[in-house]
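S.K.: the following block contains a protein sequence and its predicted model.
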Amino acid sequence: MINQLYDTSLGLLTDLYQLTMAYGYWKSGKAEQEAVFNLYFRRHPFQGGFTIACGLSSVIDYLNEYRVDEQDLQYIASLTGSDNRPLFEPGFLQYLRAMKLKCSVDAIPEGTVVFPNEPLIRIQGPILQCQLLETPLLNLINFQSLIATKAARMRLVAKDDTLLEFGLRRAQGPDGGMTASRAAYIGGFDATSNVLAGKLYGIPVKGTHAHSWVMSFDTEMEAFETYARYMPNNVTLLVDTYDSLKGVKHAIEVGKQLRERGYDLGAIRLDSGDLAYLSIEARRMLDEEGFEKTSIVASNDLDEYIMDSLKIQGARINIWGIGTKLVTAYDQPALGGVYKLAAIRNETGEWDYKLKLSEQAIKISTPGIQQVRRFRDNKGFISDMIFNIEAPPAGKTTMVDPYDFTRNRSFSETSVFEDLLTPIFAGGKLIYNLPTVHDSRERVREQLSCFHKGIKRFVNPHTYPVGLEKGLFDLKTDLIVKLREGD
Ligand SMILES: Nc1ncnc2c1ncn2[C@@H]1O[C@H](COP(=O)(O)OP(=O)(O)OP(=O)(O)O)[C@@H](O)[C@H]1O
Ligand SMILES: O=P(O)(O)OC[C@H]1O[C@H](OP(=O)(O)OP(=O)(O)O)[C@H](O)[C@@H]1O
Ligand SMILES: O=C(O)c1cccnc1
């Protein structure tokens, strides 16, 4: 996928400090020491109550195609320190040249609803390799999960209306645009105006026409007639270049001509003014002339809040064209996903569990080889429990709220659950059947339907319970105490 966009190896798509640490691991004989890292985020974006996991398919592509090629090595060899001498010894370059990824990766499938502190990806392998992958994995998961979440919020408001993504022109560069088109589709959009995304990702493409088309003719009527003459099977007319309601009248005239030729007026598009008032008026005018099936598209700096407001005002829009505020995640342009070391194998073959301390409880990482268990009852999902697969829960299980240990829940042997992290790579070999972009989109729909509506509201959403299995909670607490007592 992204490899199709860049005809270059992406081995250097990482931060320099990953390379300097890799060098340090290699020099100190630690390069092959087995480690486990988790990729997770700490807070939902948009002050929401859920996040959609997205980007795994790009991660798989990235890992499958991973290479550090001769040009990359030449570049690394050219890097120098403060004394102008090379940063890296030739032996390290030789090591990178021969390196084959042999990490095992478990991940939560694309399209799954996820919550803070749950590992979306768990990677296990030589510490040097895990370290080099931190930056690209975060880059691929953070942005796509952010956009898929934004899109899913818009889908919740749109209900059964059609959602079109129009963002390419306002996106953060070509990759921002391409990636956003894919993530928006997974999150619940129906189509994109981005033709390359359509070609590469198999997403439906759709579009209308711009004001320039209308402006290039002497009259709006002539512009509409010409468009309809040459593309009678794809007629959506943008009516607001001069006066939206006069534009609707002209569109209806063209609609009548189309009917004489055996076609129909597909839709009109409103792109300025009061979209509630204009859509209600346009609907009335279209219906009065027998164009009940003609759709009304609206665009113009829309987001989920304006859509919601327009619906409350009774707007008669049934197709929404959304660009800027979707593809740039305008109100929160980054998801703060992080990648933390959780365990490292010691000389005796045992795991040493690791955590990062912080004054803020939310920033203390969780040790262990983690899995996420999602419990459900007959109404849907009820809570998620993170546990250490080295000490899996058996029988009756207690889950502790990591920020308030007086709050806990118990699950019996008969509780129904699924474990979310799925094996993707085993020792560097892909063992996962990649779902299509359509499957992942469907998964978002299914998943959201299984959660209580409280987590889906935009204002003060309900906090879905996510806790640590009691054994893991105790392990974490003991480690915190030990580290705080140490020097
Ligand atoms: N009825 C409405 N309720 C809430 N928001 C609306 C309504 N109608 C339009 N909007 C939104 O209000 C904003 C209006 O933007 P703006 O002030 O640029 O007006 P405009 O109609 O685009 O003006 P222009 O004619 O200069 O293009 C847009 O984000 C639009 O989606
Ligand atoms: O508002 P957004 O959510 O970002 O959606 C994309 C916008 O891009 C187009 O406007 P633009 O003025 O660029 O071109 P146009 O002449 O086709 O309207 C389109 O008309 C939308 O208003
Ligand atoms: O097809 C459209 O109407 C379109 C495409 C991109 C941006 N704005 C609108």
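M.R.: Noted; the coordinates are in hand. Numbering: from 1, shown residues only. Ligands and ions are numbered 1, 2, ... in the order given.
S.K.: any idea which element Glu225 lies in?
M.R.: Assessed by DSSP states H and E, Glu225 sits inside helix 220-230.
S.K.: distance from the chain centre to that helix, please.
M.R.: Distance of helix 220-230 from its chain centroid, counting by Cα atoms, centre = their mean, to the nearest Å, is 40 Å.
S.K.: show me what that helix is packed against.
M.R.: helix 211-215, strand 236-238, helix 244-260 (3 or more Cβ pairs under 8 Å, 6 or more residues apart in numbering; DSSP states H and E). Where C-beta positions appear, they are placed from N, C-alpha and C, glycine not excepted.
S.K.: who are the packing partners of the last one?
M.R.: Helices and strands in packing contact with helix 244-260 are listed as helix 220-230, strand 236-238, strand 267-270, helix 275-288; criterion 3+ Cβ pairs under 8 Å, 6+ apart.
S.K.: who touches that helix?
M.R.: With contact meaning Cβ atoms under 8 Å, 6 or more residues apart in numbering, helix 244-260 is reached by 220-221, 224-225, 228, 232, 235, 237-241, 264-265, 268, 270, 272-273, 278, 281-282, 285-286, 289, 291, 294.
S.K.: show me which of those residues neighbour ligand 1.
M.R.: Ser272, Gly273 (Cβ under 6 Å from any ligand atom).
S.K.: which non-adjacent residue is nearest the closest residue to ligand 3 within the stretch 151-300 of the chain?
M.R.: Going by Cβ to the nearest ligand atom, ligand 3 is nearest to Gly207 of the stretch 151-300 of the chain, at 2.9 Å. Nearest residue to Gly207 in three dimensions, chain neighbours excluded: Ser193, at 4.6 Å (Cβ to Cβ, 6 or more residues apart in numbering).
S.K.: quick one: pLDDT of that neighbour?
M.R.: Per-residue confidence (pLDDT) for Ser193: 98.
S.K.: got the contact list for it?
M.R.: For Ser193, the contacting residues are Leu164, Glu165, Phe166, Leu168, Val205, Lys206, Gly207, Gly321, by Cβ under 8 Å, 6+ apart.
S.K.: where does pLDDT dip in the chain?
M.R.: Scanning the chain for pLDDT under 70 picks out 1-6, 487.
S.K.: where does the most centrally placed residue in it sit, in terms of helix or strand?
M.R.: Centroid check for the chain by Cα atoms, centre = their mean gives Ser145 as the closest residue, at 1.9 Å. Ser145 belongs to helix 127-158 when assigned by DSSP H and E.
S.K.: just after that helix, pick out the following helix or strand.
M.R.: Per DSSP H and E, the first helix or strand lying C-terminal to helix 127-158 is strand 162-165.
S.K.: chain center to that following strand, what's the gap?
M.R.: The mean C-alpha position of strand 162-165 is separated from the chain mean by 17 Å, Cα atoms, centre = their mean.
S.K.: got the contact list for the helix or strand following that strand?
M.R.: Moving toward the C-terminus from strand 162-165, the next helix or strand (DSSP H and E) is helix 173-187. Contact with helix 173-187 is made by 1-2, 5, 52, 54-55, 58, 110-111, 143-152, 154-155, 165, 167-168, 171, 191-192, 194, 196-197, 200-201, 203, 326-328, 437, 440-441, 444, as judged by Cβ under 8 Å, 6+ apart.
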